[in-house]
Every structure is written in C-alpha cells, then in structure tokens.
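Enquirer: no letters, just coordinates:
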C-alpha cells in the first residue's frame, strides 16, 4: 500500500456525474494530496481499470444508471480486497450506511459534506498500510515456520518431539519415527512415559525429568528407552522448556538420539582394558608403561621391584642418612632426593643435574652429574664416599631404563 505522504495516489472514481468528480478533486487538492484520478461509469470500464491499472483508492457513488455501487464493491472485494473502497454519495439513511459497511466498504461520505473526505482517505490509507505491514509479518512468520518445519522433518538422526506442559506429544518428526518406531498418527497425544522402560516409569523418572527441566530450563540424561516393538536402546535425551514472552510455560522440546553403538564401544573398551589389567597383574616379571618422564601404569611385580630399588638406594645413603623420596625427570635429566640426615632435624633435598646409565658385565651403574645441596658438609660427604658419584643398581637395569 502506497504512503499518502510522498507517493502519488492512483484513484479510481465510479461516478456518472463529471461535476461531482471535479468537486472531489478540488477537495483533495486543498489538502495537498498528490493523486491521479480516473473516472468510469460502466461495469466494463470499472473491471478493466482494476485489471490493467490497479488503483490505490476507489471512490464510488451508490446508484448509477447502468451499474450499482454495491455490485462494484463486491467486484473490488474479490479482485483487490486490500484497496480502500469509499462511498461518496448523495444517498442518506441509516439503512444505507449499515448496508455499506456490511458489504465491506471502508467509509461512507455524503456529497454535501465533502469536508470529511480527506480525513476518511487518510484513515483508510493508514489502515491499509497497517494491514499490509501486518500481512507481511504474518507471511514472514509463516515462511519461517514452514522452513523450521521442513528442517525438523528433514532431520533423521535425531528424534525432535514437542510436548505440551503435561508431557503429552504434540508434534513428531521423521527422525522420531526412525528412532522410536511410531508413526505420527499413532503417537500424537500420548505421554512421553511410553518411551521409558517399565522400571523407570514405576520410579516416576519421566515426571521427574519434566520437573527438573521446568526448574532449570534444561535437563539432559542418558539412559534406557524403549521402541514401539519393545526393543530397548541407550539414548541421549535433552528436554528444554518453552515459555512465552511473559514467562508462562508453553511446553517442552524433547530431542533424543540413539547412542547404543557408542555405549557398546565404550563397554567393549572397558572389558578389554580390564582383561589387559588382569593379564599384566598375573605377569611374573616387572612390567611398566612409561609416558614421557612418568610411569603410566605398572603391575604388582614392578611395585615390589621399585621398593627394592628404594631399599637399595637407602643402603647406599645410610652413611649420611635415610632417603625418604626420589623423583626422576628424564626430559631434563635430573634426580631429586629427599634425605632424613643424621644430626639434622629437617629433611634435606639433594638435586642431581645430569646423569647417565651404563651397563658393565650385566650390572647397571647410575653415573650422577653435578650434585647440589644446601649443606656444605653433605657435599664433602659425597666427595668422600662417592668420589665418582656412581651407584650400582645391579639386577634392576630394565626398571631404571623404564624410569629414564
């Protein structure tokens, strides 16, 4: 619909008296309205103008010699229902006015009161513009809803289901039919509890899921669901609340995905890891799996062997004290020891920067690099008892290699 502010209006006038049309034009020009006027007085001319030169506004008299105004109104409502139709007539009476509006006319102006014509035109055009905007919004909304419906219907891997506030199914997509096995006609109106296994229904899980979704806005879980034919499947289900602009609950959106294959793969991996763990535990030799500078896993034989190494190193250091902990950083080639020293109240850390592992005739030797402590007398003790800074770890070379 054209705006009355900056557009030239196309006005079609059904009138058999040319002087009356001139009066109408004069009244419109007084208001500064830009327009082009076309007068017709027969049915044929009226219909031709509607078809070939659609107007923005129609004026019509009630009674013409060969064509009646109400017939023209009926034709206009059929061919261009959004174009304002205003009767400009000399006919008076409440009955005539009532019939005018009942037929769908926009307004009714008497020829001897043309001062009301411009306000009537302004009202009609404003109403037309508002109606056109509303129709455009409604059309866009319908298109958006149709696109969303097509999108939802095209999703096959996910069951997308709409629920009312009580949990009854109101819509059903293709994915829901593939996942759950029901056709839309046989599931619409049923409660979502029909998807749950019997034990969960008895425990009230469907109702609890809706309550949690209502309280938090969203609820997600994984658990057993059942198809139409009774076969169970492991599902990932998300329930989202749907509220109107005022915060009132309108329903829920339920999205369900069959993740049975993923669960089976996880369970198979867990069983494999458990078989591997039991096999390693029964292995008689020390078994370690290194990960960078740390031990990712070890069996019980390795744990016992590590205790033996600690006891051996304690024996090596018993001259100056007892080692309480040891850590090895193979990436930076450092060893950190913590010693409870004879004559010292607090433990002392010994940091070894740089080391090498050597094998000689079946024995393993750990050659230490620069040794740094906070006690000068400890450094002197090292020089006296370990001048070459070499520790023998015979029998544990495989363990040391794993640690390094």
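Expert: Cool, the structure landed. Since we're looking at a predicted model, the values are computed, not measured.

Enquirer: just the pLDDT at residue 81, thanks.
Expert: With respect to pLDDT, residue 81 has a value of 88.

Enquirer: ugh, typo on my part, it should be residue 296
Expert: pLDDT at residue 296 comes out at 50.

Enquirer: secondary structure element for residue 122?
Expert: Element membership for residue 122 (DSSP states H and E) is helix 117-154.

Enquirer: so what strands line up beside the helix or strand that that helix is followed by?
Expert: Moving toward the C-terminus from helix 117-154, the next helix or strand (DSSP H and E) is strand 159-163. Looking at strand 159-163 with DSSP bridges, its partner strands are strand 169-172 (antiparallel), strand 249-258 (antiparallel).

Enquirer: mind giving me the packing neighbours of the helix holding residue 122?
Expert: helix 18-30, strand 57-60, strand 85-89, strand 107-110 (3 or more C-beta pairs under 8 Å, 6 or more residues apart in numbering; DSSP states H and E). Heads up, the C-betas are built off the backbone N, CA and C, glycines and all.

Enquirer: dump the strands paired with strand 159-163 to CSV, plus mean neighbour count, distance to residue 237 and mean pLDDT.
Expert: What follows is those, written out as CSV (neighbours: other C-beta atoms under 10 Å; distance: least, C-beta to C-beta, whole Å; pLDDT from 0 to 100):
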stretch, mean neighbour count, distance to residue 237, mean pLDDT
strand 169-172, 18, 14, 91
strand 249-258, 18, 5, 93
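
Enquirer: and the ones you listed: which comes nearest residue 21?
Expert: With C-beta to C-beta as the criterion, residue 21 lies closest to strand 249-258 of these, at 55.0 Å.

Enquirer: helix or strand next in line after the closest one, which one?
Expert: helix 260-282.

Enquirer: that following helix packs against which elements?
Expert: strand 232-243.

Enquirer: neighbouring strands - and their directions - for the strand it packs on?
Expert: By DSSP bridges, strand 232-243 pairs with strand 218-226 (antiparallel), strand 249-258 (antiparallel).

Enquirer: quick one: contacts of the longest one?
Expert: When you say that, I think you mean strand 249-258. For strand 249-258, contacts defined as C-beta atoms under 8 Å, 6 or more residues apart in numbering pick out 157-165, 167, 170, 176, 179-180, 192, 195, 210, 213-214, 225, 233-244.

Enquirer: OK, contacts around the residue lying closest to residue 229 once chain neighbours are set aside?
Expert: Sequence neighbours aside, residue 181 is the residue nearest to residue 229 in space, at 5.9 Å (criterion: C-beta to C-beta, 6 or more residues apart in numbering). By C-beta under 8 Å, 6+ apart, residue 181 lies in contact with 227, 228, 229.

Enquirer: among those, which one lies nearest to residue 268?
Expert: Among those, and counting by C-beta to C-beta, the member closest to residue 268 is residue 227, at 22.7 Å.

Enquirer: these two touch, right, that closest one and residue 234?
Expert: No - using C-beta atoms under 8 Å, residue 227 makes no contact with residue 234, being 12.0 Å away.

Enquirer: which of these two has more neighbours?
Expert: residue 234 (18 against 14; other C-beta atoms under 10 Å).

Enquirer: and that one, how far from residue 202?
Expert: 20 Å (C-beta to C-beta, to the nearest Å).

Enquirer: one more: residue 17?
Expert: 85 Å.

Enquirer: do residue 251 as well
Expert: 25 Å.

Enquirer: same deal with residue 167?
Expert: 16 Å.

Enquirer: neighbour-wise, which of residue 17 and residue 202 wins?
Expert: Neighbours per residue (other C-beta under 10 Å) separate residue 17 from residue 202, with residue 17 holding more: 14 against 9.

Enquirer: give me the phi and psi for the closest residue to that one other than its chain neighbours.
Expert: Once flanking residues are discounted, residue 17 sits nearest to residue 61: 7.8 Å by C-beta to C-beta, 6+ apart. Main-chain torsions, residue 61, degrees, to the nearest 10: phi -80, psi 160.
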